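Peer 1: Pasting the sequence and the predicted coordinates here, then a few questions.
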Amino acid sequence: GDSVTQTEGPVTVSESESLIINCTYSATSIAYPNLFWYVRYPGEGLQLLLKVITAGQKGSSRGFEATYNKETTSFHLQKASVQESDSAVYYCALGGNYNQGKLIFGQGTKLSIKP
Amino acid sequence: AQTIHQWPVAEIKAVGSPLSLGCTIKGKSSPNLYWYWQATGGTLQQLFYSITVGQVESVVQLNLSASRPKDDQFILSTEKLLLSHSGFYLCAWSRRQPNERLFFGHGTKLSVL
């Protein structure tokens, strides 16, 4: 079936260090997968961080980057230098090219940044 | 700007009691609407979606029902809660096109005792 697996949290990183949250997916019933990273900051709702709908492309937002790799079925989230404000729960998600808004989410990775 | 308001923020309910959760979207006409649910320790999964007033499709069977009585309103309900209904419920909307990003509400935390 379709599924998403991401780095199990919680993850703690020191400020200004680099970050990678791994995400791999299986899209057996989705012909053209779309990949997303959503984030929930403390006290806020879940919101889109970045999305990529074409294999081989890279998405970026707020200093984060993720590349859609069809060969390795991965969509890892990276940031070169994290800030305290990046503390949040990050969700990798898989969607398809249809109008039902169905996203397959990973389990979420709680990220804490040490000042 | 579009806003999504979800209510209540949290509920503590007894097994067998009824439940009604709601959300309202302002500033966007004819949105697609969705209910998602995350059990404690589980992953977010879609429960229902609606692309127009009065029409709701069920994605996962959990002894819950949903209705869309108005273009901007989405209701999740059940007449008898189960322990397994505990978790976090999220309402979301998107534009009526494929691949569109979802905009989520702040969610309702439900504890069934």
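Peer 2: Okay, I see it.
Peer 1: CA atoms for contacts and neighbours, from now on please.
Peer 2: Fine.
Peer 1: The closest residue to B:A92 other than its chain neighbours: how many residues sit nearby?
Peer 2: Nearest non-adjacent residue to B:A92, counting by CA to CA, 6 or more residues apart in numbering or on different chains: B:F104, 4.2 Å away. Neighbourhood size, B:F104 [other CA atoms under 10 Å in any protein chain shown]: 24.
Peer 1: Over to B:T24?
Peer 2: Look at B:T24: counted by other CA under 10 Å, it has 20 neighbours.
Peer 1: how about the residues of chain A near chain B?
Peer 2: Proximity of chain A to chain B (CA under 8 Å from any CA of the partner chain) is limited to residues A:34, A:44-48, A:53, A:95-108.
Peer 1: nearest residue to A:E84 other than its sequence neighbours?
Peer 2: Distances taken as CA to CA, 6+ apart put A:I113 closest to A:E84, at 5.1 Å, once the chain neighbours are dropped.
Peer 1: Please export the C-alpha coordinates of whatever helix or strand that neighbour lives in as CSV.
Peer 2: Assessed by DSSP states H and E, A:I113 sits inside strand A:109-114. Output in CSV follows, covering the C-alpha atoms of strand A:109-114 (Å, rounded to 0.1, in the frame of the first residue of the first chain):
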residue,chain,number,x,y,z
THR,A,109,9.1,14.2,13.9
LYS,A,110,9.3,16.5,16.9
LEU,A,111,12.3,18.8,16.5
SER,A,112,13.7,20.8,19.4
ILE,A,113,16.5,23.3,19.0
LYS,A,114,18.9,23.9,21.8
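Peer 1: Fine by me, we can end here.
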